[in-house]
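[1] Pasted the sequence and its predicted model underneath.
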Amino acid sequence: MYMKRRVTARPILNMINICEIFKSIQGESTYAGMVCTFIRVSGCNICCTYCDTPYAREKGRDVTVSQILDMVAGFQCPLIEITGGEPLLQQKIPELCRLLLDSGYTVLVETNGSRDISLLPDGCIRIMDIKTPGSGCSDSFLTENLNHLNSRDECKLVLCGKDDFDWACDFVRKKRLHETCTVIFSPAAEILAPRKLAEWICNGNIPVRLGLQLHTYIWGNNVRGV
(Lines give C-alpha, C1' and ligand atoms only; values in the text may rest on other atoms or scores of the structure.)
Protein backbone atom coordinates (compact mmCIF):
# COMPACT_ATOMS: atom_id res chain seq x y z
CA MET A 1 0.00 0.00 0.00
CA TYR A 2 1.38 3.42 -0.95
CA MET A 3 2.02 5.68 2.00
CA LYS A 4 2.17 9.40 1.34
CA ARG A 5 5.42 10.77 2.67
CA ARG A 6 4.97 13.40 5.31
CA VAL A 7 6.71 16.62 4.45
CA THR A 8 7.81 18.83 7.32
CA ALA A 9 8.16 22.50 6.54
CA ARG A 10 11.65 23.76 7.22
CA PRO A 11 12.30 27.36 8.21
CA ILE A 12 14.16 29.49 5.69
CA LEU A 13 17.44 30.22 7.40
CA ASN A 14 19.34 32.04 4.69
CA MET A 15 17.34 35.26 4.63
CA ILE A 16 18.75 38.75 5.12
CA ASN A 17 16.42 41.66 5.79
CA ILE A 18 17.27 44.23 3.12
CA CYS A 19 16.50 47.93 3.02
CA GLU A 20 17.84 48.59 -0.49
CA ILE A 21 20.39 47.43 -3.05
CA PHE A 22 21.71 49.93 -5.57
CA LYS A 23 24.74 51.11 -7.50
CA SER A 24 26.20 54.56 -6.94
CA ILE A 25 29.38 56.51 -6.32
CA GLN A 26 31.09 55.57 -3.07
CA GLY A 27 30.83 58.68 -0.95
CA GLU A 28 33.02 57.89 2.05
CA SER A 29 36.21 56.09 3.10
CA THR A 30 39.41 55.86 1.04
CA TYR A 31 37.25 54.35 -1.74
CA ALA A 32 35.31 57.61 -2.19
CA GLY A 33 34.64 58.44 -5.81
CA MET A 34 34.59 54.84 -7.02
CA VAL A 35 31.58 53.09 -8.52
CA CYS A 36 30.19 50.77 -5.87
CA THR A 37 27.25 48.42 -5.33
CA PHE A 38 25.60 48.99 -1.96
CA ILE A 39 23.77 46.32 0.01
CA ARG A 40 21.97 48.23 2.76
CA VAL A 41 20.51 45.95 5.40
CA SER A 42 17.66 46.92 7.69
CA GLY A 43 17.75 47.29 11.45
CA CYS A 44 20.03 49.13 13.83
CA ASN A 45 20.72 48.79 17.53
CA ILE A 46 21.68 52.43 18.19
CA CYS A 47 20.25 55.82 17.28
CA CYS A 48 22.88 58.47 16.54
CA THR A 49 21.90 62.12 16.80
CA TYR A 50 23.13 62.76 13.26
CA CYS A 51 21.84 59.56 11.60
CA ASP A 52 21.49 60.13 7.86
CA THR A 53 19.64 56.88 7.09
CA PRO A 54 16.83 56.67 9.69
CA TYR A 55 14.73 54.71 7.20
CA ALA A 56 17.21 51.82 7.49
CA ARG A 57 16.02 51.20 11.05
CA GLU A 58 12.64 50.14 9.69
CA LYS A 59 11.94 46.55 8.69
CA GLY A 60 12.77 45.86 5.06
CA ARG A 61 12.14 42.81 2.91
CA ASP A 62 13.55 39.34 3.43
CA VAL A 63 15.82 38.28 0.59
CA THR A 64 17.78 35.04 0.25
CA VAL A 65 21.55 35.09 0.01
CA SER A 66 21.39 33.61 -3.49
CA GLN A 67 18.96 36.33 -4.61
CA ILE A 68 21.31 39.00 -3.30
CA LEU A 69 24.19 37.45 -5.23
CA ASP A 70 22.10 37.49 -8.40
CA MET A 71 21.11 41.11 -7.87
CA VAL A 72 24.64 42.42 -7.34
CA ALA A 73 25.92 40.40 -10.30
CA GLY A 74 23.57 42.39 -12.49
CA PHE A 75 25.36 45.64 -11.62
CA GLN A 76 28.67 44.27 -12.97
CA CYS A 77 30.64 46.25 -10.38
CA PRO A 78 33.68 44.73 -8.63
CA LEU A 79 33.36 46.89 -5.48
CA ILE A 80 30.61 46.13 -2.97
CA GLU A 81 29.77 47.73 0.36
CA ILE A 82 27.52 46.11 2.93
CA THR A 83 26.08 48.79 5.17
CA GLY A 84 22.98 49.59 7.16
CA GLY A 85 21.57 49.99 9.66
CA GLU A 86 23.97 47.61 11.33
CA PRO A 87 24.96 44.63 9.16
CA LEU A 88 26.33 42.50 11.99
CA LEU A 89 22.93 42.24 13.63
CA GLN A 90 22.04 39.72 10.91
CA GLN A 91 23.39 36.20 11.19
CA LYS A 92 23.92 35.55 7.48
CA ILE A 93 26.15 38.55 6.76
CA PRO A 94 29.46 36.69 7.31
CA GLU A 95 28.31 33.96 4.90
CA LEU A 96 27.28 36.56 2.31
CA CYS A 97 30.69 38.18 2.66
CA ARG A 98 32.47 34.85 2.10
CA LEU A 99 30.46 34.15 -1.03
CA LEU A 100 31.11 37.63 -2.41
CA LEU A 101 34.84 37.31 -1.72
CA ASP A 102 34.89 33.88 -3.38
CA SER A 103 33.26 35.48 -6.43
CA GLY A 104 36.12 37.95 -6.71
CA TYR A 105 34.49 41.09 -5.32
CA THR A 106 36.21 43.65 -3.12
CA VAL A 107 33.97 43.72 -0.05
CA LEU A 108 33.64 46.66 2.32
CA VAL A 109 31.57 46.28 5.49
CA GLU A 110 30.55 49.42 7.35
CA THR A 111 29.70 48.72 10.99
CA ASN A 112 28.91 50.90 13.98
CA GLY A 113 31.47 49.06 16.12
CA SER A 114 29.01 47.64 18.62
CA ARG A 115 29.25 44.04 17.37
CA ASP A 116 32.15 41.61 17.07
CA ILE A 117 33.93 42.35 13.78
CA SER A 118 36.01 39.17 14.05
CA LEU A 119 32.94 37.32 12.74
CA LEU A 120 33.67 38.73 9.31
CA PRO A 121 35.86 36.55 7.07
CA ASP A 122 39.44 37.42 6.22
CA GLY A 123 39.51 39.53 3.11
CA CYS A 124 36.68 41.86 4.12
CA ILE A 125 37.65 45.48 4.60
CA ARG A 126 36.05 46.69 7.81
CA ILE A 127 35.04 50.35 7.95
CA MET A 128 34.25 50.78 11.62
CA ASP A 129 32.56 53.79 13.14
CA ILE A 130 33.81 54.88 16.54
CA LYS A 131 30.99 56.83 18.10
CA THR A 132 31.90 60.11 19.74
CA PRO A 133 30.00 61.66 22.69
CA GLY A 134 28.15 63.97 20.30
CA SER A 135 26.55 60.95 18.65
CA GLY A 136 24.76 60.09 21.89
CA CYS A 137 25.98 56.50 21.49
CA SER A 138 29.63 56.53 22.56
CA ASP A 139 28.96 53.84 25.17
CA SER A 140 27.94 51.36 22.44
CA PHE A 141 31.47 50.77 21.14
CA LEU A 142 32.97 47.30 21.64
CA THR A 143 36.55 48.07 22.62
CA GLU A 144 37.71 44.51 21.84
CA ASN A 145 37.15 45.28 18.15
CA LEU A 146 40.34 47.34 18.14
CA ASN A 147 42.27 44.08 18.56
CA HIS A 148 40.89 42.73 15.27
CA LEU A 149 41.80 45.64 13.00
CA ASN A 150 44.49 45.41 10.34
CA SER A 151 46.16 47.81 7.93
CA ARG A 152 43.46 47.34 5.26
CA ASP A 153 40.69 48.41 7.63
CA GLU A 154 39.48 51.94 8.32
CA CYS A 155 38.03 53.70 11.34
CA LYS A 156 35.67 56.65 10.96
CA LEU A 157 34.81 59.17 13.65
CA VAL A 158 31.95 61.56 12.90
CA LEU A 159 32.35 64.79 14.85
CA CYS A 160 29.70 67.24 15.99
CA GLY A 161 31.98 69.96 17.40
CA LYS A 162 35.23 70.86 19.16
CA ASP A 163 34.50 68.65 22.17
CA ASP A 164 34.11 65.66 19.85
CA PHE A 165 37.30 66.63 18.03
CA ASP A 166 39.32 66.78 21.26
CA TRP A 167 37.81 63.49 22.41
CA ALA A 168 38.61 61.83 19.08
CA CYS A 169 42.21 63.09 19.04
CA ASP A 170 42.72 61.75 22.55
CA PHE A 171 41.21 58.38 21.58
CA VAL A 172 43.39 58.03 18.48
CA ARG A 173 46.52 59.01 20.39
CA LYS A 174 45.93 56.72 23.39
CA LYS A 175 45.02 53.72 21.23
CA ARG A 176 47.71 54.54 18.63
CA LEU A 177 44.94 53.86 16.17
CA HIS A 178 46.62 55.64 13.25
CA GLU A 179 49.46 53.10 13.47
CA THR A 180 47.03 50.23 12.91
CA CYS A 181 44.69 51.45 10.18
CA THR A 182 43.48 54.49 8.26
CA VAL A 183 41.61 56.92 10.53
CA ILE A 184 39.05 59.31 9.08
CA PHE A 185 37.52 62.34 10.81
CA SER A 186 34.23 63.44 9.23
CA PRO A 187 32.04 66.43 10.10
CA ALA A 188 28.44 65.64 10.99
CA ALA A 189 26.37 67.00 8.11
CA GLU A 190 24.76 70.38 8.80
CA ILE A 191 26.24 70.39 12.33
CA LEU A 192 29.98 70.94 11.91
CA ALA A 193 31.41 72.96 9.02
CA PRO A 194 34.00 71.00 6.98
CA ARG A 195 36.23 74.09 6.85
CA LYS A 196 36.37 74.28 10.65
CA LEU A 197 37.28 70.61 10.99
CA ALA A 198 39.96 71.00 8.30
CA GLU A 199 41.48 73.89 10.29
CA TRP A 200 41.59 71.87 13.49
CA ILE A 201 43.25 68.92 11.76
CA CYS A 202 45.84 71.17 10.09
CA ASN A 203 46.59 73.21 13.20
CA GLY A 204 47.15 70.08 15.27
CA ASN A 205 48.94 68.03 12.60
CA ILE A 206 46.53 65.23 13.44
CA PRO A 207 47.50 61.94 11.65
CA VAL A 208 44.06 61.37 10.13
CA ARG A 209 42.24 61.92 6.85
CA LEU A 210 39.47 64.47 6.46
CA GLY A 211 36.43 62.63 5.13
CA LEU A 212 33.48 64.33 3.47
CA GLN A 213 30.31 62.62 2.30
CA LEU A 214 30.80 62.95 -1.43
CA HIS A 215 27.33 61.65 -2.24
CA THR A 216 25.68 64.45 -0.25
CA TYR A 217 27.49 67.05 -2.34
CA ILE A 218 26.15 65.37 -5.48
CA TRP A 219 22.59 64.43 -4.49
CA GLY A 220 21.92 66.15 -1.16
CA ASN A 221 21.21 64.80 2.33
CA ASN A 222 18.91 61.92 3.22
CA VAL A 223 18.31 60.79 -0.37
CA ARG A 224 17.67 57.09 -0.82
CA GLY A 225 19.33 54.93 -3.42
CA VAL A 226 22.48 57.01 -3.84
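    Okay, I see it.

[2] ok, residue 14 - how many residues close by?
    When counting by other C-beta atoms under 10 Å, one arrives at 15 neighbours for residue 14. Bear in mind the C-beta positions are built from the backbone N, C-alpha and C, glycine included.

[3] From what I see, residue 112 and residue 44 are in contact.
    Yes: using C-beta atoms under 8 Å, residue 112 makes contact with residue 44 at a distance of 7.3 Å.

[4] Who has more neighbours out of these two?
    Between residue 112 and residue 44, residue 112 has the larger neighbour count (other C-beta under 10 Å), namely 24 against 20.

[5] Name the single longest helix found in this protein.
    Assignment by DSSP state H gives helix 162-175 as the longest helix of the chain.

[6] Between residue 112 and residue 44, which contacts overlap?
    Shared contacts of residue 112 and residue 44 (C-beta atoms under 8 Å, 6 or more residues apart in numbering): 84, 86.

[7] shaky segments in the protein?
    1-13, 222-223, 225-226 (pLDDT under 70).

[8] got the buried residues for the longest strand belonging to the chain?
    The longest strand of the chain (DSSP state E) is strand 15-25. For strand 15-25, a neighbour-count test (16 or more other C-beta atoms under 10 Å) marks 15, 16, 17, 18, 19, 20, 21, 23, 24 as buried.

[9] Any chance of these in CSV with distance to residue 80 as columns?
    Formatted as CSV, these follow (distance: C-beta to C-beta, whole Å):
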residue, distance to residue 80
15, 19
16, 14
17, 18
18, 13
19, 15
20, 14
21, 10
23, 10
24, 12
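
[10] wouldn't residue 80 be in contact with residue 39 here?
    Yes: contact criterion C-beta under 8 Å: residue 80 and residue 39 qualify, at 6.6 Å.

[11] Out of the buried residues of strand 15-25, which is nearest to residue 138?
    Ranked by distance to residue 138 (C-beta to C-beta), these are led by residue 19 at 24.9 Å.

[12] So the closest one sits against residue 84, correct?
    Yes: counting by C-beta under 8 Å, residue 19 does reach residue 84; the two are 7.4 Å apart.

[13] Find residues that contact each of these two.
    Joint contacts of residue 19 and residue 84 (C-beta under 8 Å, 6+ apart) are 40, 41, 42, 53, 56.

[14] Pretty sure the first one sits in a helix.
    In other words, residue 40. No: counting by DSSP: H, G, I helix; E, B strand; the rest coil, residue 40 is not part of a helix but strand.

[15] Looks to me like residue 98 is in a helix.
    Yes: Residue 98: assigned to a helix according to three-state DSSP.

[16] which ones are touching the spatially closest residue to it that is not a sequence neighbour?
    Using C-beta to C-beta, 6 or more residues apart in numbering and skipping the chain neighbours, the partner closest in space to residue 98 is residue 121 (4.8 Å). For residue 121, the contacting residues are 94, 97, 98, 101, by C-beta under 8 Å, 6+ apart.

[17] Same question for residue 106.
    78, 79, 80, 125.

[18] How about the contacts made by the first one?
    The reference is to residue 78. Residue 78 neighbours (C-beta under 8 Å, 6+ apart): 104, 105, 106.
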